[in-house]
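Chemist: 3D, please:
(one chain, ligands or ions: 1)
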Amino acid sequence: MLEAHSLTRVFGSTTVVDDVSFRVTPGRITGFVGANGAGKTTTMRMLMGVLAPSSGDVLWNGSPITAGVRRTFGYMPEERGLYPRMKLREQLVFFARLHGLSAADAGSRADDLLGHFDLTDRADDLLDELSLGNQQRVQIAAALVHRPSALVLDEPFSGLDPLAVESMTDLLRAEAGDLPLLFSSHQLDLVERLCDDLVVLSGGRLVASGTVEELRGQGAERFRVVLDGQDAAWLRDVRGLTVDDVDGPVALVTLDTMPPSELVATAVARGPVVEVARIRQPLSEIFREVSR
Ligand SMILES: Nc1ncnc2c1ncn2[C@@H]1O[C@H](COP(=O)(O)OP(=O)(O)OP(=O)(O)O)[C@@H](O)[C@H]1O
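Modeler: Numbering: from 1, shown residues only. Coordinates of the predicted model:
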């Protein structure tokens, strides 16, 4: 378990990360979201020890983290970090060797990853001869090459087209296994699909954390009511709910104090009902609400 405990970072007179605490649990993918400048990269740098916190700690399995533990992590920094003029296989072997793998193990691990990432036939190409998407794949492969004990990936999907994102997320799910995995992203639809847990920063502060379902549970309860023929405008006079929109027999309502069962009972008491359905709040809305 990787843990940020009251992490704070001050640059000059500005606090860019302010008392941020969260956990990255093994076997679960944790999405790190927040607008530009929210403090995600700074926090990840503190987790990785690239930047010292002004105060607070990083814990690994409950104890203060050591440089030795951090060396076992896989990290994809915002500024990336591979050599543009080095061949792919050579590069992966190099990073594996840096982390202490034997020459034979490094070679077979590099070959395995090139295979998984569909890059075997590019093994002897230089990194900068690859498309951006393939370069990103190599970056992720390099973070995985030494069989890391945790993964910290800063915007691993930025600049990828939807198909590339899809194949990359499948690979990550398969490769991350039971590791703690933290990744930052602006792509909320992707975060919603891929993540088990979420950490949301806004202006350097933690504004929400928990499972995607927990965060949804904190949001407003919205329902779509479809009546059989009759106009739904009467719902505007019902206490305990707010009508967001009415279009003939269809109404979108937010329950303020009324429980869902009472909404169903109220609608049925008035006349025939086609459906009363909970609207799943998209993560983008939750994100907007918590970041306000
Ligand atoms: N070395 C530094 N010196 C001064 N200010 C910094 C430094 N590094 C980051 N900042 C500031 O800290 C704030 C947080 O930046 P950070 O890169 O952590 O945010 P982010 O959430 O990763 O944003 P993005 O999504 O745009 O990458 C920004 O206002 C940035 O300008």
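Chemist: going forward, measure contacts between C-alpha atoms and count neighbours the same way
Modeler: OK.
Chemist: count of residues packed around residue 115?
Modeler: Other residues lying near residue 115 total 13 when counted by other C-alpha atoms under 10 Å.
Chemist: pLDDT at the residue nearest to residue 72 when sequence neighbours are not counted, what is it?
Modeler: Excluding the flanking residues, the one nearest residue 72 by C-alpha to C-alpha, 6 or more residues apart in numbering is residue 148, at 5.2 Å. The per-residue pLDDT reported for residue 148 equals 95.
Chemist: is it true that residue 148 lies in a strand?
Modeler: No. Using DSSP: H, G, I helix; E, B strand; the rest coil, the assignment for residue 148 is coil, not a strand.
Chemist: Report the buried residues of stretch 244-253.
Modeler: Buried residues in stretch 244-253, counted by 16 or more other C-alpha atoms under 10 Å: 246, 249-253.
Chemist: Give me the distance between the residue nearest to residue 72 and residue 284.
Modeler: 31 Å (C-alpha to C-alpha, to the nearest Å).
Chemist: Those two: which is more packed in?
Modeler: For the pair residue 148 and residue 284, the greater number of neighbours falls to residue 148 (19 against 12), based on other C-alpha under 10 Å.
Chemist: Which positions in the stretch 1-150 of the chain make contact with the ligand?
Modeler: Residues of the stretch 1-150 of the chain that fall close to the ligand, judged by C-alpha under 6 Å from any ligand atom: 11, 16, 34-42.
Chemist: Nearest to residue 185, out of those residues: which one, please.
Modeler: Nearest to residue 185 among those is residue 34, at 8.0 Å by C-alpha to C-alpha.
Chemist: Now do the same contact list for the closest one.
Modeler: By C-alpha atoms under 8 Å, 6 or more residues apart in numbering, the residues touching residue 34 are 40, 186, 200-202, 291.
Chemist: again, only this time at 7 Å
Modeler: Contact analysis of residue 34 by C-alpha atoms under 7 Å, 6 or more residues apart in numbering lists 200-202.
Chemist: Which of the residues of the stretch 1-150 of the chain next to the ligand fall within strands?
Modeler: 11, 16 (DSSP state E).
Chemist: just so I have it, where are all the helices in the chain?
Modeler: Remark: helices assigned in the chain by DSSP state H are 40-48, 67-71, 88-98, 103-116, 132-144, 162-176, 188-194, 212-218, 260-270, 283-291.
Chemist: Residue 229: which of those helices is closest?
Modeler: Here helix 260-270 is closest among the helices of the chain (C-alpha to C-alpha), at 11.9 Å.
Chemist: Which positions in that closest one come out as buried?
Modeler: Result for helix 260-270 [16+ other C-alpha under 10 Å]: buried residues 260, 263, 267.
Chemist: Count the residues that sit near residue 173.
Modeler: Residues within reach of residue 173, counting by other C-alpha under 10 Å, total 16.
Chemist: Produce a ChimeraX select command limited to the buried residues of the residues of the stretch 1-150 of the chain next to the ligand.
Modeler: This is how ChimeraX selects the buried members of those, with burial counted by 16+ other C-alpha under 10 Å:
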select :16,34,35,38,39,40,41,42
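Chemist: Show me which of the residues of the stretch 1-150 of the chain next to the ligand is closest to residue 91.
Modeler: residue 41 (24.6 Å).
Chemist: Identify the residues contacting that closest one.
Modeler: residue 154.
Chemist: next one: residue 192
Modeler: Applying C-alpha under 7 Å, 6+ apart, the residues near residue 192 are residue 283.
Chemist: Would you mind giving the domain segments of this structure?
Modeler: With domains defined by automatic domain parsing, the chain comprises 2-216, 219-291.
Chemist: Kindly state the pLDDT recorded for the residue nearest to residue 202 when sequence neighbours are not counted?
Modeler: Among residues not flanking residue 202 along the chain, residue 38 sits closest, at 5.0 Å (C-alpha to C-alpha, 6+ apart). What the model reports for residue 38 is a pLDDT of 92.
Chemist: Was I right to think residue 38 contacts residue 207?
Modeler: No. The criterion here is C-alpha atoms under 7 Å, and residue 38 misses it with residue 207 at 10.7 Å.
Chemist: which non-adjacent residue is nearest residue 211?
Modeler: Excluding its sequence neighbours, the residue lying closest to residue 211 (C-alpha to C-alpha, 6+ apart) is residue 197, at 4.2 Å.
Chemist: go on, residue 103?
Modeler: Nearest residue to residue 103, sequence neighbours excluded (C-alpha to C-alpha, 6+ apart): residue 97, at 6.7 Å.
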